[in-house]
Structures are given as structure tokens and as C-alpha cells.
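Asks: Quick one: sequence and predicted model below, then my questions.
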Amino acid sequence: MTFENILVEKNNAVATITINRPSKLNALNKATIEELHHAFKQCDEDSGIRAIIITGSGEKAFVAGADISEFASFNTSQGSELARKGQELLFDFVERLGTPVIAAVNGFALGGGLELAMASHIRVASDNARMGLPEVTLGVIPGYGGTQRLPQLVGKGRANEMIMTAQMIDAATALNFGLVNHVVPQAELLQKANEIAEKIAKNSPMAIAQAIKAVNANFSDGINGYSVEIDRFGFCFGTGDFKEGTTAFLEKRKADFQGN
Ligand code: COA
């Protein structure tokens, strides 16, 4: 698949996906969501890629939301389908990916933009970043997981305030809320995201994929996360990475994980 709305760059074990519609503040239209799905899938299937960074093009926006011009005339069933398809192709897909995704939030992360950052496993923001879920100003609610993931990350009260007031928060507040892990000057954003990605890339990809499943289980209705953890923990003992990791420790050398 050739991409028109995104750029994909692979540098050793780290892939960087850049949403590249700066004139529309990287708003997520249907085509961009489909391209992102394919790009994330390709990176995940590439055994050489051990971490993925998602960011936005330009200095102003990560993503200013779903593309309002595409859904303004939708009816009830088209609205439901928009949310269902988006969650399936991108937001749930990213959260469940076996390869860790780091969102490098380089400016406005609004609506679907914040939802994409929240579906990612780790968030780093530039000091000019502003985040919010402004959907109620449009007469709609967040539909790409925002009502679920924002309370998970910042707590119910703060999430309710952000959703109901539709106000943006700045990077310092996002850090204080635990919505992002780090805030750095914009010029250092990708460097910071890469530093985290490179640390991740040294560890067992197989174990990291199991850890993602176990952590996600904590937030899945009707699933006992402790049982998932026991299951995934046991699974690791049958992997090549476990053999390599423990052998390397006992031999006092660095592990060379193959992700098997
Ligand atoms: N969907 C579609 N187009 C969008 C967009 C979105 N979510 N966000 C920005 N754009 C477009 C604007 O329409 C404009 O296009 P144009 O130049 O062809 O008119 C361009 O991006 C630049 O945006 P503009 O509004 O002129 O920039 P600004 O600096 O004045 O304001 C924002 C920046 C982010 C405050 C403002 O663009 C905004 O509020 N965007 C919508 C945010 C939103 O509600 N997102 C949730 C959607 S569910």
C-alpha cells in the first residue's frame, strides 16, 4: 500500500509514523485512519521493529481530531459506524499491538488526536502541546475510546471536567495529571521518544508483547487480569527469549533477543 497521508521511516529497531496533513492540522480522515492501520500492521509484522513512534507533521499539531468535514452530514447509523470502524482499525488496534507504541505529542492533540495518543502505550509531549476532548462543542461525544481511556489515565473527575468543559489542558497540566509521561522542549521531542524506544528495543520483544496483553487485561471488562498475567507469565517460560535472557544473565553477558 502506498501512503498519501502518512510517512513511515524505519531506523534500526524503531519505526516512526508521521501523520502528514499539516494544512489540516493532521486531522484524521477515513483515508488516514486506513493508512495508519496498514502502517501499524506492517511495522508490527516486521520482526526487526521493536518500537513504534507516532507523531504529527509540523510544529503546530499532533492531530486536531477526527476530520469534521467528513462526518458533519452523518446520520445516527453512520455515526455509530464511524466510531466502530475507527476503534477497530486504529484505536483498539494500536492498544492491542504487540509492538509498543510511543505517542510523541508535538502540538494540539484534540478529540481523535488525544484518543490516538491515549491508545498508544506511552506518551511524551512537547512543551507547546495542548490536549483536550472538545467533542461536546460539536454536539457529539468522544467516539474513539476517549470516554473510556481518559478516566483510566487521569481519573473520573478530571476526565469528566475535561469532557464536559471541552477545555484544553497544557503540557504541564497533562504531566501533572499523568496523561503524559514526559514533557520536553519541542526540538527534543523525537529524541526523547527515541531514547525510550531504544531502551525498549534492548528487551525481550516476546515478553513485552505479553506484558501489553496483561496490562490491557486490567482494563477489560469481565477479564481477570491476574489470571491473564499468570497465563502470559507461564507462556514466557516456553519462549526462546526467556532461554536467552536467563542464560545471558547466568553467563554474565548482554542478552541478544530474537523475539521468539
Ligand atoms: N477536522 C477538519 N479540519 C480541521 C480540523 C478537524 N478536526 N482541525 C483543524 N482543521 C483544519 C481547519 O479547518 C483549517 O483548514 P482550512 O485552512 O482549509 O480552513 C486548518 O485545519 C487549520 O485550522 P485553523 O482552525 O485555521 O487553525 P487555528 O490555529 O485557528 O485553530 C484549532 C486550531 C485546533 C484550535 C482549531 O483548528 C480547532 O478547533 N479544530 C477542531 C478541533 C476539534 O474540535 N476536534 C475534535 C473533532 S471530533
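Replies: Received it, and whenever you're ready, just let me know what you need.
Asks: how about the nearest residue to residue 194, chain neighbours excluded?
Replies: Counting by Cβ to Cβ, 6 or more residues apart in numbering, residue 194 lies nearest to residue 14, which is 6.1 Å off, once chain neighbours are set aside. The way it works is simple: take the backbone N, C-alpha and C, and place the C-beta from them, glycine included.
Asks: Roughly how far does that neighbour sit from residue 95?
Replies: Separation of residue 14 from residue 95 (Cβ to Cβ, to the nearest Å): 19 Å.
Asks: Give me the phi and psi for residue 54.
Replies: phi -120, psi 130 (degrees, to the nearest 10).
Asks: just checking, it touches residue 102?
Replies: Yes. With contacts counted by Cβ atoms under 8 Å, residue 54 reaches residue 102, the gap being 7.3 Å.
Asks: where do the contact lists of the two overlap?
Replies: residue 120 (Cβ atoms under 8 Å, 6 or more residues apart in numbering).
Asks: more crowded one of these two?
Replies: residue 54 (27 against 24; other Cβ atoms under 10 Å).
Asks: Name the residues linked to that one by a beta bridge.
Replies: Listed beta-bridge partners, residue 54: residue 17, residue 103 (assigned using DSSP bridges).
Asks: got a pLDDT number for it?
Replies: Here the pLDDT value assigned to residue 54 is 98.
Asks: now do the one 4 residues further on
Replies: According to the model's per-residue confidence, residue 58 sits at a pLDDT of 95.
Asks: Run through the residues that contact the residue lying closest to it once chain neighbours are set aside.
Replies: Counting by Cβ to Cβ, 6+ apart, residue 22 is the residue found nearest to residue 58 once chain neighbours are left out, at 3.7 Å. Neighbour list for residue 22: 56, 57, 58, 60, 61 [criterion: Cβ under 8 Å, 6+ apart].
Asks: Buried members of those residues into ChimeraX, please.
Replies: Selection of the buried residues among the contacts of residue 22 in ChimeraX, burial being defined by 16 or more other Cβ atoms under 10 Å:
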select :56,57,58,61
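Asks: of all the contacts of residue 22, which two lie farthest apart?
Replies: 57 and 60 (9.4 Å; Cβ to Cβ).
Asks: Please report how far residue 185 lies from the ligand.
Replies: Distance of residue 185 to the ligand, given as Cβ to the nearest ligand atom, to the nearest Å: 21 Å.
Asks: For the stretch 101-250 of the chain, which segments count as helices?
Replies: Ranges of helices within the stretch 101-250 of the chain are 112-119, 146-154, 156-165, 171-177, 189-201, 205-217, 225-236, 240-250, based on DSSP state H, counting those that start in this stretch.
Asks: Out of those, which is the most enclosed?
Replies: The highest mean neighbour count among the helices of the stretch 101-250 of the chain, using mean count of other Cβ atoms under 10 Å, belongs to helix 112-119: a mean of 29.
Asks: Report all helices and strands that that one contacts.
Replies: Applying 3 or more Cβ pairs under 8 Å, 6 or more residues apart in numbering; DSSP states H and E, we find helix 112-119 packed against strand 61-63, helix 92-95, strand 101-105, strand 130-132, helix 146-154.
Asks: I'd like the mean pLDDT over stretch 70-88, please.
Replies: On average, stretch 70-88 scores 97.
Asks: How about that stretch and the ligand, any contact?
Replies: No. Stretch 70-88 is not in contact with the ligand by Cβ under 6 Å from any ligand atom; minimum separation 7.7 Å.
Asks: Other residues contacting that stretch?
Replies: Under Cβ under 8 Å, 6+ apart, the answer for stretch 70-88 is 28, 29, 30, 33, 66, 112, 140, 143, 144, 145.
Asks: got these as TSV, with distance to the ligand columns?
Replies: Shown next, in TSV, are the contacts of stretch 70-88 (distance: Cβ to the nearest ligand atom, whole Å):
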residue	distance to the ligand
28	8
29	8
30	12
33	13
66	4
112	6
140	7
143	8
144	9
145	13
